[in-house]
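Visitor: Prediction below, plus the sequence it came from.
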Amino acid sequence: MKAFCFTGYGKNLKELLSFEDLPEPSVGRNDVLISVRAAALNPADYKIIYGQAKLYKKFEFPSPIGFDVSGKVIAVGNSVQYFKVGDEVFSKVPWDQKGTVAPLIAVSEGNVGIKPRNISFEEAAGLPLVGCTVLEAFKYAKVGLGTRALIHAGSGGIGTFAIQYAKHLGAQVYTTTSTKNIELVKSLGAEKIIDYTKTDYREIANDVDVILESLGGKYTKEAIKTVKKGGKVIAIIGYRDNETLKSIGISGFLRFLNGIRGFSLIWLAKKREVEYKHIWTFPNRKLLDEIRILVESEAVKPIIDKVYPFEEADKAMLYLETNRARGKVIIRIENEV
Ligand SMILES: NC(=O)c1ccc[n+]([C@@H]2O[C@H](COP(=O)([O-])OP(=O)(O)OC[C@H]3O[C@@H](n4cnc5c(N)ncnc54)[C@H](OP(=O)(O)O)[C@@H]3O)[C@@H](O)[C@H]2O)c1
């Protein structure tokens with residue numbers, strides 16, 4: 001089968017993206033085989049090509065691309081309990097099964113959920129990775145009624161989900177965005193909208209209880225300095241605390257080196273009595289079920305920027321890489337079954 005792949009590590013995506021003939025996936029005992037209808041891209045897909053994930057996993061080339069998927073179950077392994085042929089599903093596949101921008105994908109059933117019934121396959125494909133990340137982040141931070149939460153990059157894949165979910169939980173939502181996306185984030189429920197091209201967000205968001213930090217670089221330290229004393233910084237980018245590294249299987253020595261690297265950040269957090277936590281999501285059926293219920297009850301609606309045909313998956317990736325996407329970038333895959 002033809003699959004969207006990358007052929008090596010580097011920054012020049014144009015040279016590294018390709019469509020390759022790969023064998024059809026074999027279906028393990030606990031796997032469901034999905035006939036893919038749509039896949040979504042995430043920044044993780046191009047960061048892996050940059051080589052930023054080599055510490056966690058090294059891939060052989062050509063390596064198939066994509067974690068997010070929706071489609072129809074066309075076969076199940078002998079031990080599968082929760083799914084049957086014909087089910088419409090969505091999933092964020094684990095690292096060792098990645099490659100959703102392809103006609104077929106085999107996924108262990110623990111990573112699969114029934115697709116929300118009120119939305120299209122394209123809309124469903126964009127939900128798993130961002131949805132599971134935001135759910136885990138806000139559960140960890142105990143975001144609830146009256147929580148003042150700053151959600152950076154409100155117009156992105158994470159931000160568009162996070163604003164709606166925070167509103168649903170009863171939080172007061174602050175968000176950063178550029179001028180052209182103000183109406184979008186307002187329509188999703190953001191209350192304090194900070195146009196970062198005109199205003200320094202630190203002057204407005206210095207009373208928040210929680211910051212969802214998705215920008216990285218200088219923003220991580222700034223978040224610790226900006227959140228109110230005793231507040232929480234939940235990062236999904238940048239410095240990973242040792243607990244998170246342990247959960248993804250990083251060795252004690254590398255964790256020790258990481259601890260040295262993050263010392264000043266953690267010291268600053270301690271000084272300000274701020275809790276710093278990096279969230280690395282492990283999507284599972286329970287979280288996917290929660291997302292389905294949020295979408296079916298219309299508490300959260302999927303926001304899609306562009307849908308590309310499979311043959312233009314490379315263009316989709318280059319577009320996502322611009323860091324200007326408004327919501328999710330989706331790839332439609334024509335499959336008859
Ligand atoms: N740890 C995890 O498990 C995990 C999971 C998911 C994502 N992530 C990470 O989280 C980050 C965000 O992911 P995403 O899917 O939301 O990315 P994305 O959809 O590609 O983000 C694009 C959006 O970011 C906004 N943006 C860019 N620079 C900004 C700035 N300085 N201030 C405010 N907004 C800005 C852009 O809006 P404007 O055009 O208005 O600037 C655009 O709408 C990525 O780095 C990703 O790798 C981590």
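Guide: That came in fine, so what should we check first?
Visitor: Residue 129 against residue 43, yeah?
Guide: No. Shown here, residue 129 and residue 43 do not form a contact pair, counting by CB atoms under 8 Å, at 9.8 Å. C-beta here means a position set from N, CA and C on the backbone, and glycine is covered the same way.
Visitor: Between those two, point out the one with more neighbours.
Guide: When neighbours are counted by other CB atoms under 10 Å, residue 129 and residue 43 differ, and residue 129 comes out ahead with 26 against 19.
Visitor: before we move on, which element is the more buried one in?
Guide: helix 128-141 (DSSP states H and E).
Visitor: what packs against that helix?
Guide: Packing partners of helix 128-141 (3 or more CB pairs under 8 Å, 6 or more residues apart in numbering; DSSP states H and E): strand 68-76, strand 88-92, helix 157-169, strand 210-213, strand 232-235, helix 285-296.
Visitor: Restricting to C-alpha, output the helix or strand following it in PDB.
Guide: Using DSSP H and E, the helix or strand that directly follows helix 128-141 along the chain is strand 148-151. Output of strand 148-151 as PDB, limited to C-alpha atoms (Å, rounded to 0.1, in the frame of the first residue of the first chain):
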ATOM      1  CA  ARG A 148      -8.400  31.400  35.700                       C
ATOM      2  CA  ALA A 149      -6.500  29.600  33.000                       C
ATOM      3  CA  LEU A 150      -4.200  31.100  30.300                       C
ATOM      4  CA  ILE A 151      -4.200  29.000  27.200                       C
END
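Visitor: elements contacting strand 148-151?
Guide: Short answer (3+ CB pairs under 8 Å, 6+ apart): strand 148-151 packs on helix 157-169, strand 172-177, strand 210-213.
Visitor: Put together JSON lines for the ones you listed, with distance to residue 51 on each row.
Guide: Putting the helices and strands packed on strand 148-151 into JSON lines (distance: least, CB to CB, whole Å) gives the following:
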{"stretch": "helix 157-169", "distance to residue 51": "22"}
{"stretch": "strand 172-177", "distance to residue 51": "28"}
{"stretch": "strand 210-213", "distance to residue 51": "23"}
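Visitor: Select, out of these, the one closest to residue 1.
Guide: Smallest distance to residue 1 across the helices and strands packed on strand 148-151 (CB to CB): 26.6 Å, for helix 157-169.
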